[in-house]
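In: build the 3D model from these lines:
(chains A and B)
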Amino acid sequence: MGKIRQEKIIEIENFSFAIRKTGILRNLCLSIREGEYVSIVGPNGAGKTTLIKCLNRIFKNGKGQIRIAGKDLEKYSQKDLAKMTSYVPQANGHHFSFTVREFVLMGRYPYVSPFSSVSEKDEAAVEKALGITGTRAWADRRITTLSGGERQKVLIAAALAQEARILLLDEPITFLDPGYQDDIYAILKKVNLDQGITIVSATHDINSAVLHSQKIIALKQGELFFDGFPRDIMNHEQLFQLYGKPFSFVDHPETGMPIILPGGDLC
Amino acid sequence: MLKKKTVLIALLITAVVVILLAPFAGMKTISLHALLTAAADRMDSYIFFNIRVPRVLTAALAGAGLAVSGMTFQSMFRNSLATPFTLGVSSGASLGASIYVWSGLTLSITGVPGVSLFSFAGAGLAILFVYGITKMKGGFSTATMLLAGVAISFFFSSVILLIQYACDLTHSFRIVRWLMGGLEAVGYQPAINMLPFVLLGVAIVSVQVNGLNLMSVGEELAVSRGVDASKVKKLLFLAASLMVGGVVAVCGPIGFVGMMVPHICRLLIGPDHRYLMPATVLFGSAFLVVCDTIARTILAPVEMPVGIITALLGGPFFIWLLLSRVSERLVYED
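Out: Presented below is the predicted three-dimensional model:
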């Protein structure tokens, strides 16, 4: 497990967010420490994506407080915020015809001025990101020619090139085959362990979430439902309340972590 | 990387050659020899330097301005059909200019002619309307925006008709002739009037190329990479209004340049605006100069408005774009 420092890098206090007067997030209070690997789970429409988008100010004007590294979210310039948080969006339909290298280089936006050319530091960050994600072999291919799994790795590479302390991911493995899912988790664990990057990942894959994360945050109808250790949410009571369904559990043969099985009463 | 630079150099050479050669062509072909011995033929010299050269320069500037504003709209809204024409910005600029002619005002502010200022204001107004309508509907969709553009375009055109109907015959004729879109220039004043608008617009877009790259990928992703999207959008709207307003005030609404040129440039050099932007400037200039040269020569001694040529090329191009697989590769819409 990564080195978790004591400093809280994300602090959320009484935070609410509404779109057209419909409350999406309600009175959230939670904090995330630097270097933690956190998964956000919860049913569809619980507000996971919204929370992620509030953290990087894609959505603005929430009520309450969010602090990143001790500083009010509102007080960051967009560029400075991008040096703190990077983002991997949901993987549906990114069909732009940039090459992989061009696109990953665009992750350096917060560091380049309009009049400067690409610096050695930028090149180095791009190379490093291509290396970690194993995307260097396709660096000169157009993103349109990649498969969904390859494309997701490129999106992560671009976010890593941004060299931010927090990596926000919105359903990073949805639509991917098990092989790519495994690759993506390996990349995330690697940057979490080696570079101490804080990972905040919204996901429906609760089994992988509890296996990889140090902390689980569960949202239900925009409210905080659970905030704690993975092991403590993996029981009948919690998951029944969260998803409104009974699940069958089995202990993972290697880690002993309870995980849920598909099927159950349908079989 | 090398290939892109090669393409840029090739475009630069093409643009320079086209601009240098175009003044020699026309109703009366002028040879370099005749020009060098111009003392003998003052008429040729006059036509060359006071009519043809200014006209070619006007065309080059207008081509660059229209093409860059088209590129900006297409990339910002991730839609290949988003152009000054389809978004109603050209009609806005036309309406502004028509109102100026109708009002009979003659003003200029620090040397910038009133018609250009009115045209710029009209272009800006059209953008505000179209963007405002789309936002009001919620869940920003480019389809809504294009429809709003078409609606605004029709509406403004009707207002222009109304103005024509209301004004006296000479004003009315001026408006009609000007609406056809043409580059008839005598002397350098038209080019000089356009220059600050196009320069300023191109400069603003040049500073924002990195932001535009990210906007062309998606607004949310751009924000997460540190782009202050609302500020960048305002700047780009300002730049596009300046360019379209400045050009339309002088040349009338010349269609399709803003749609065709950026597309061809994307095919040539790819979507990276650090290269696409200069390519669009160069190709846009060369393209409109060539179109205008055709317009001047094809039915000589009759001169056609260049808008007819660009529209004749643009119609089929538009349909090809709708049908072809190329558009699927280029349309950014998700």
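In: could you use CA atoms for every contact and neighbour count after this?
Out: Will do.
In: after the helix or strand hosting B:Lys233, next one along is what?
Out: Per DSSP states H and E, B:Lys233 falls inside helix B:229-251. Toward the C-terminus, helix B:229-251 is succeeded by helix B:257-269 as the next helix or strand (DSSP H and E).
In: tell me the gap between that next one and the middle of its chain.
Out: 13 Å (C-alpha atoms, centre = their mean, to the nearest Å).
In: buried ones in that helix?
Out: When neighbours are counted by 16 or more other C-alpha atoms under 10 Å in any protein chain shown, the buried residues of helix B:257-269 are found to be B:257-263, B:265-266, B:268-269.
In: and these as TSV, adding distance to chain A and pLDDT?
Out: As requested, the buried residues of helix B:257-269 are arranged in TSV below (distance: C-alpha to the nearest C-alpha, whole Å; pLDDT from 0 to 100):
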residue	distance to chain A	pLDDT
B:Val257	22	92
B:Gly258	20	92
B:Met259	18	89
B:Met260	18	90
B:Val261	18	94
B:Pro262	14	94
B:His263	13	89
B:Cys265	13	93
B:Arg266	10	89
B:Leu268	13	89
B:Ile269	11	91
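In: ok, of those residues, which one's closest to A:Glu11?
Out: Closest approach to A:Glu11 among those (C-alpha to C-alpha): B:Arg266, at 44.0 Å.
In: what's the helix or strand for the nearest residue to that closest one once chain neighbours are set aside?
Out: Distances taken as C-alpha to C-alpha, 6 or more residues apart in numbering or on different chains place B:Leu276 nearest to B:Arg266, at 6.6 Å, with adjacent residues excluded. Assigned by DSSP H and E, B:Leu276 belongs to helix B:273-297.
In: and that helix, what other elements does it pack with?
Out: helix B:2-21, helix B:53-77, helix B:209-217, helix B:257-269, helix B:306-323 (3 or more C-alpha pairs under 8 Å, 6 or more residues apart in numbering or on different chains; DSSP states H and E).
In: measure the residue of the stretch 1-150 of chain B found nearest chain A to B:Gly70 for me?
Out: Distances between the stretch 1-150 of chain B and chain A by C-alpha to the nearest C-alpha are smallest at B:Arg78, namely 9.3 Å. The gap separating B:Arg78 from B:Gly70 is 12 Å, by C-alpha to C-alpha, to the nearest Å.
In: more neighbours: those two, which one.
Out: B:Gly70 (31 against 22; other C-alpha atoms under 10 Å in any protein chain shown).
In: give the contact list for that one.
Out: For B:Gly70, the contacting residues are B:82-84, B:257-259, B:262, by C-alpha atoms under 8 Å, 6 or more residues apart in numbering or on different chains.
In: and which of those is nearest A:Leu219?
Out: The closest of the contacts of B:Gly70, once distances to A:Leu219 are taken by C-alpha to C-alpha, is B:Ala82, at 39.6 Å.
In: name the residues of stretch B:155-163 that are buried.
Out: B:156-157, B:159-161, B:163.
In: contact partners of stretch A:216-236?
Out: Against stretch A:216-236 from outside (C-alpha under 8 Å, 6+ apart): A:23-30, A:38-43, A:45-48, A:209-211, A:213-215, A:239, A:242, A:246-249, A:257-260.
In: pull out the buried residues from the residues you listed.
Out: Judged by 16+ other C-alpha under 10 Å, buried ones among the contacts of stretch A:216-236: A:24-29, A:38-43, A:46-48, A:209-211, A:213-215, A:239, A:242, A:246-247, A:249, A:257-260.
In: what average pLDDT does stretch A:168-182 get?
Out: Per-residue pLDDT over stretch A:168-182 has a mean of 94.
In: what's the answer for stretch A:88-101, then?
Out: 79.
In: look up how far B:Cys291 lies from the residue in chain A that chain B sits nearest to.
Out: Proximity of chain A to chain B (C-alpha to the nearest C-alpha) peaks at A:Lys79, 4.1 Å away. To B:Cys291, A:Lys79 is 43 Å away according to C-alpha to C-alpha.
In: B:Leu125 too?
Out: Taken as C-alpha to C-alpha, the span from B:Leu125 to B:Cys291 is 29 Å.
In: kindly report the same for A:Phe98.
Out: 31 Å.
In: now swap in B:Pro305 and tell me
Out: Where B:Cys291 is concerned, B:Pro305 sits at a distance of 10 Å (C-alpha to C-alpha).
In: likewise for B:Glu303?
Out: Between B:Glu303 and B:Cys291 the computed distance is 12 Å (C-alpha to C-alpha).
In: and for B:Gln164?
Out: In terms of C-alpha to C-alpha, B:Gln164 sits 28 Å off from B:Cys291.
In: mind checking which of the two has more residues around it?
Out: Neighbours of B:Gln164 and B:Cys291, each counted by other C-alpha under 10 Å, are more numerous for B:Gln164; the result is 22 against 19.
In: so that one, which state does it fall into?
Out: helix (DSSP: H, G, I helix; E, B strand; the rest coil).
In: any idea how many residues pack against the residue nearest to it when sequence neighbours are not counted?
Out: Residue nearest to B:Gln164 in three dimensions, not counting chain neighbours: B:Ser172, with 4.9 Å by C-alpha to C-alpha, 6+ apart. Residues lying near B:Ser172 (other C-alpha under 10 Å) number 20.
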